[in-house]
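# Provided below for reference: sequence and predicted model.
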Amino acid sequence: MTGLFDSANGVLGRRLFTTTWVPVVGFGALVGVLVLSATGWAGAQRAWTGLSGDLRALAITLFIVATVVLAQLLDIARPGLIRLYEGYGVAQPFAEWRKKRLDDKSLRDLRPWALPTKDAMMPTRFGNIIRAAEQQARRYGMDAATAWPRLYVTLPEAFTNHFSTAASAVDLTVTISFLGVMFAVGGGVFALALLPWYAFVGCVAGGALVGWLGYCAAVRAAFGYGELVRAAFDVHRWLLLDAMGLARPTSIGAEREQWRQLHQLWQRGVPDAEQDHLLGFPKDKGVPGK
C-alpha cells in the first residue's frame with residue numbers, strides 16, 4: 001500500500017495527490033464494495049488468490065493508472081465545479097429567491113464588505129464569500145478578474161505558500177462534496193437495481209451526507225481563502241506596480257485612476273484618450289550633462 005501511494009504521489013505532485021487522488025481512491029473503494037456486494041465476496045476472493053503474482057501486479061498498476069487519469073480529469077473539471085458551487089448556472093427564479101434569503105441587512109450595516117454588492121449576490125453562501133473577497137479590489141479601482149493573474153506572480157513566497165494551502169482546502173472539500181453526490185446518485189441506482197433496499201437507502205443517505213458535509217467544509221475553507229485574497233489586494237497590490245516599473249500613487253484618488261487606466265490598457269489595448277500620464281510611467285529626467 002505504501003508503494004501505491006508513493007507511485008501516485010510521484011506522478012501527480014503533492015497538491016493534486018492530496019486534494020484529488022486520495023478522494024478518488026476512496027470513491028473507487030466504495031464503488032468496489034458495492035460491486036463485490038452484488039457479485040459475491042467469496043468468489044472475488046477466490047479469483048484474486050487464483051491470480052499469479054504478475055497478474056496481481058498488473059491489476060494494481062491498472063488501478064493506479066485509472067485513478068491517476070480520473071484525478072487529472074477531475075482536476076481539469078474542478079474550476080467548473082467550483083463555479084457550480086458558487087451558484088453559476090442555477091435556474092433564475094430559484095437563484096433570485098436564494099439571493100434574497102442570503103442577503104443580510106444587519107451584516108451589511110456592520111461590515112459592508114462582508115457580502116457582495118446587491119447586484120453581484122450569488123445564490124450560495126460559498127459563492128458570496130468568494131465574490132465578496134474578489135470585490136475587495138474595487139476599493140482601489142481594480143478589477144479582480146483582470147488584476148489577479150498579474151498580481152499573483154509578484155506575491156511574496158511566504159504569502160503564496162499560505163494561499164496555496166487555503167486554495168488546496170477549497171479544492172479538497174469541493175472534491176469530497178462532489179464525489180459524495182456522485183456516489184449518492186450512481187451508487188443509489190446500482191444498489192436499487194442489484195442490492196437490497198437498505199443498501200439503496202444507505203448509498204443515497206450516506207452519499208448525500210458526505211456531499212452536504214463537504215459543502216459545509218467548503219464554506220468554512222472559503223472564509224480563509226477569501227481573507228487571503230483580500231490581504232493580497234490590501235497589502236501587496238503595489239508590488240505589481242513595482243514589477244512593471246510604474247510609479248506608486250500618492251493618494252487614493254490617484255490610485256483609483258491609475259488602476260482604471262491600467263485595466264483599460266490590459267483589456268482594450270489603450271488607455272482612455274489623453275490619460276496616458278495616469279498610468280504612472282517614470283518621467284523622463286533627460287540625459288545628464290545636457
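Yep, that arrived.

# What about Gly207, how many residues nearby?
Number of residues near Gly207 (other CB atoms under 10 Å) recorded here: 22. All C-beta atoms are positioned from the backbone trio N, CA, C, and that covers glycine.

# same question, Gly187
Neighbours around Gly187, by other CB under 10 Å: 23.

# swap in Val174?
Under the neighbour criterion other CB under 10 Å, Val174 is assigned a count of 23.

# tell me the pLDDT at it?
Looking at Val174, its pLDDT stands at 96.

# Also Ser52?
pLDDT for Ser52: 80.

# what residues are up against it?
Not one residue lies near Ser52 by CB atoms under 8 Å, 6 or more residues apart in numbering.

# For Ala66, see how far away it is.
Distance of Ser52 to Ala66, given as CB to CB, to the nearest Å: 21 Å.

# again, but for Leu84
Noted for Leu84: a distance of 25 Å to Ala66, by CB to CB.

# same question, Arg139
Distance, Arg139 to Ala66, using CB to CB: 47 Å.

# Please, which helix or strand holds the residue nearest to the spatial centre of the chain?
Most central in the chain under CA atoms, centre = their mean is Asp171, positioned 4.7 Å from the mean C-alpha point. According to DSSP states H and E, Asp171 maps onto helix 157-182.

# Any idea how far that helix is from the middle of the chain?
Using CA atoms, centre = their mean, to the nearest Å, the distance from the centre of helix 157-182 to the centre of the chain it belongs to is 6 Å.

# ok, now stretch 257-271?
28 Å.

# could you dump it to CSV, C-alpha only?
Extracted in CSV, the C-alpha atoms of stretch 257-271 (Å, rounded to 0.1, in the frame of the first residue of the first chain):
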residue,chain,number,x,y,z
GLU,A,257,-7.4,56.4,-11.6
GLN,A,258,-4.1,54.7,-12.2
TRP,A,259,-5.7,51.2,-11.9
ARG,A,260,-8.6,52.2,-14.0
GLN,A,261,-6.3,53.2,-16.8
LEU,A,262,-4.2,50.1,-16.4
HIS,A,263,-7.3,48.0,-16.8
GLN,A,264,-8.2,49.9,-19.9
LEU,A,265,-4.7,49.2,-21.2
TRP,A,266,-5.0,45.5,-20.4
GLN,A,267,-8.5,44.9,-21.6
ARG,A,268,-8.7,47.3,-24.6
GLY,A,269,-5.0,47.7,-25.5
VAL,A,270,-5.0,51.5,-24.9
PRO,A,271,-5.9,53.8,-22.0
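
# between Leu84 and Ala66, who's got more neighbours?
Per other CB under 10 Å, whichever of Leu84 and Ala66 has more neighbours is Leu84, with 16 against 12.

# Run the angle between whichever strand or helix holds the more buried one and helix 157-182 for me.
Using DSSP H and E, Leu84 sits in helix 53-86. Counting by axes from the mean of the first three to the mean of the last three CA atoms, to 10 degrees, helix 53-86 lies at 100 degrees to helix 157-182.

# ok, and for helix 53-86, which residues are buried?
Across helix 53-86, burial judged by 16 or more other CB atoms under 10 Å covers 64, 67-68, 70-72, 74-75, 78, 82, 84-86.

# Ok, stretch 127-144 next?
Judged by neighbour count using 16+ other CB under 10 Å, the buried positions of stretch 127-144 are 127-138, 140-144.

# and it, what's its mean pLDDT?
On average, the pLDDT along stretch 127-144 is 91.

# what about that stretch, distance to the chain center?
On the basis of CA atoms, centre = their mean, stretch 127-144 sits 16 Å off its chain's mean C-alpha point.

# still on that earlier bit, spatially nearest residue to the residue nearest to the centre of the chain, not counting backbone neighbours?
Leaving aside its chain neighbours, Asp171 sits nearest to Thr19 (4.2 Å; criterion: CB to CB, 6 or more residues apart in numbering).

# Next, work out how far apart that neighbour and Tyr215 are.
Per CB to CB, Thr19 is found 16 Å from Tyr215.
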